[in-house]
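Participant: Quick one: sequence and predicted model below, then my questions.
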Amino acid sequence: MTVERILDATINRCAEGLRVLEDIARFHFNNGQLSSQFRTLRHTVRKSLVPDENNLLPARNSINDVGKQISSREVKTDRRKNLKSTAAANCKRVQEALRSLEEILKNRGSYHQGKKAENCRFSLYSLESELLSLFTRILPAGIYGILGENFSRGRSNIEVTEEMIKGGISIIQYREKREDKSFREMYEECRIIRTITKEANIPFIINDFSELALMVEADGIHQGQDDLPIKELRKLAPHMMIGCSTHSPDQAEKAVEDGADYIGVGPLFPTTTKKDVCDAVGLNYLEYVARNLAIPFVAIGGIKKHNLEKVIKKGATTVCLVTEILGADDIARQIRNLQLTMTCPGGSGNL
């Protein structure tokens, strides 16, 4: 009866935890494939590991469970900071329960079922990595900052990074070119910026150079239309956020189809910060993306304080301003003013 009681508790623990993970994948990320994989795993636990699960019910004794009293005294261990910590905790909960199931089933003489539990555990290790990576692949709302020393009035990228973080930037992209810096210089800069952004919990994206992004463990890579195919890049960096610049509805829809995590929409206005940029695409393209595509996007290209409200009114929640920030006397103050304009359209936008 004791063995049946353990099996009953661990199966419930497993299935309940998997249901939490399934719901997060389904409702928070709208990820049908991942949700389906958690569902299949849950059904395997319920139907295959212990086919006579209903016969375990007489062994259940929740009222006299000594673990319930111990758990109620540990008031801090089950606190959750956010949905990511909830997902991580439930992954560990299910893995531990599966290990317990595996050992008890083998002890019971059900060796093949025990091996199934072991296989489920290993499957969950892969699913855990995939699910948790989704939390780092979300484009945050707010100001999207770009680093480029040619526009920073003599300030280094590291100095600008620190000022951007003081101002409350939402995400930072490193955008330097090979004609201006060696790979070694870029690597050394990005390594330091990675440390600073990680401590500040700010997503760090690297433009163009996927090898650099992988070496410094950045949060993501941003690609142009002529760079590496997104599907191939995903094989190299399965857990990184991948962004793609787009200039037309066809390009945007292709980026969605290829699995980009977000797209750049622009240039909305004429810009001089990129040498190989196309003509301005205008606000109509921004409006099209906001109304017709579900993918997160950042509005970019020639956006200044004076036209920021127009961009917001077309549906943008993440906006990139380059020279308006890099050229400011006080970068942190400028970012706060721009955020004020974004959150309070019609106001002065000055602190």
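Facilitator: Cool, got the structure.
Participant: Only C-alpha atoms from now on, for both contacts and neighbour counts.
Facilitator: OK.
Participant: So what touches stretch 257-265?
Facilitator: Here stretch 257-265 makes contact (CA atoms under 8 Å, 6 or more residues apart in numbering) with 137-139, 230-231, 241-247, 252, 255, 285-286, 289, 295-300.
Participant: what are the ranges of the strands in this protein?
Facilitator: For the chain, the strands defined by DSSP state E cover 142-147, 171-174, 204-207, 220-223, 241-246, 262-265, 297-299, 318-320.
Participant: Kindly reformat those strands as JSON lines and extend each row with distance to Arg121 and mean neighbour count.
Facilitator: Formatted as JSON lines, those follow (distance: least, CA to CA, whole Å; neighbours: other CA atoms under 10 Å):
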{"stretch": "strand 142-147", "distance to Arg121": "39", "mean neighbour count": "24"}
{"stretch": "strand 171-174", "distance to Arg121": "35", "mean neighbour count": "23"}
{"stretch": "strand 204-207", "distance to Arg121": "32", "mean neighbour count": "25"}
{"stretch": "strand 220-223", "distance to Arg121": "29", "mean neighbour count": "24"}
{"stretch": "strand 241-246", "distance to Arg121": "27", "mean neighbour count": "25"}
{"stretch": "strand 262-265", "distance to Arg121": "32", "mean neighbour count": "26"}
{"stretch": "strand 297-299", "distance to Arg121": "36", "mean neighbour count": "26"}
{"stretch": "strand 318-320", "distance to Arg121": "39", "mean neighbour count": "24"}
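Participant: In this structure Gly224 contacts Ser245, no?
Facilitator: Yes - counting by CA atoms under 8 Å, Gly224 touches Ser245, with 5.0 Å between them.
Participant: ok, and the closest non-adjacent residue to Val265?
Facilitator: Closest residue in space to Val265, ignoring its immediate chain neighbours: Ala299 at 4.9 Å, by CA to CA, 6 or more residues apart in numbering.
Participant: Beta-bridge partners for that neighbour, please?
Facilitator: Judged by DSSP bridges, the bridge partners of Ala299 are Val265, Val319.
Participant: tell me the contacts of it?
Facilitator: Gly264, Val265, Gly266, Pro267, Leu268, Leu286, Val311, Ala316, Thr318, Val319, Cys320.
Participant: so which of the strands of the chain comes closest to Lys115?
Facilitator: In terms of CA to CA, the element of the strands of the chain nearest to Lys115 is strand 241-246, at 35.3 Å.
Participant: ok, Thr273 to Glu163 distance?
Facilitator: Counting by CA to CA, to the nearest Å, the gap from Thr273 to Glu163 is 20 Å.
Participant: How about Ile63?
Facilitator: Ile63 is 57 Å from Glu163, by CA to CA.
Participant: In terms of neighbours, single out the busier of the two.
Facilitator: Higher neighbour count among Ile63 and Glu163: Glu163, with 18 against 7, using other CA atoms under 10 Å.
Participant: Pretty sure that one sits against Asp329.
Facilitator: No - in this structure, Glu163 is not within contact of Asp329 by CA under 8 Å, at 11.0 Å.
Participant: shared neighbours of the two, which are they?
Facilitator: By CA under 8 Å, 6+ apart, no residue touches both Glu163 and Asp329.
Participant: which parts of stretch 337-347 are buried?
Facilitator: Using 16 or more other CA atoms under 10 Å as the test for burial, stretch 337-347 gives Asn337, Leu338, Gln339, Leu340, Thr341, Met342.
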